[in-house]
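Enquirer: What shape does this take:
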Amino acid sequence: MLKYLRERSEARIATPGRRIYSYVSAAVLMAIGIWVFSTSAPAWIFLAAVVAVAAFDVFLTSKWVREDALRLSRTAGE
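Expert: From the prediction side, this is the model:
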């Protein structure tokens, strides 16, 4: 389990585009959180955003881990 978590965290920072995605998703969550708590908007908006970002993050990082593993296995044979 720890190896999988380490692979996911390494995949998130492997390229500049992935790092930008991480910063943008964190900024979006912070902006929605600040907006919800400062304007007394319904809390379910923030919770829905957290769930959506988390689900999208799991999908993308799993895809990136598979791509990185495939690329590594192809280059290891050369």
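Enquirer: secondary structure class for the spatially most central residue of the chain?
Expert: Centroid-nearest residue in the chain: residue 57, 3.4 Å away (criterion: C-alpha atoms, centre = their mean). Following DSSP: H, G, I helix; E, B strand; the rest coil, residue 57 is assigned to helix.
Enquirer: who touches the closest residue to it other than its chain neighbours in this structure?
Expert: Computed as C-beta to C-beta, 6 or more residues apart in numbering, the closest residue to residue 57 that is not its neighbour in sequence is residue 25, at 6.6 Å. C-beta: built from backbone N, CA, C; applies to glycine. Going by C-beta atoms under 8 Å, 6 or more residues apart in numbering, residue 25 touches 53, 56-57.
Enquirer: now do residue 64
Expert: Here residue 64 is in contact with 11-12, 14, 18 (C-beta under 8 Å, 6+ apart).
Enquirer: Same question for the host helix or strand of it: list its buried residues.
Expert: Using DSSP states H and E, the element containing residue 64 is helix 43-76. Neighbour-count burial for helix 43-76, counted by 16 or more other C-beta atoms under 10 Å, picks out 46, 49, 60-61, 64-65.
Enquirer: which among the residues you listed gets closest to residue 29?
Expert: Within those, distances to residue 29 taken as C-beta to C-beta reach their minimum at residue 49, with 6.3 Å.
Enquirer: List the contacts of the closest one.
Expert: Residue 49 neighbours (C-beta under 8 Å, 6+ apart): 28-29, 32.
Enquirer: run the last query once more with 7 Å
Expert: Residues in contact with residue 49 (C-beta atoms under 7 Å, 6 or more residues apart in numbering) are 29, 32.
Enquirer: mind checking how far it is from residue 20?
Expert: Plainly put, residue 49 is 19 Å away from residue 20 if you go by C-beta to C-beta, to the nearest Å.
Enquirer: Tell me the first helix or strand C-terminal of the worst-scoring helix or strand of the chain on mean pLDDT.
Expert: Of the helices and strands making up the chain, the lowest-confidence element is helix 2-12, at a mean of 82, by mean pLDDT, DSSP states H and E. Counting by DSSP H and E, the next helix or strand C-terminal to helix 2-12 is helix 16-39.
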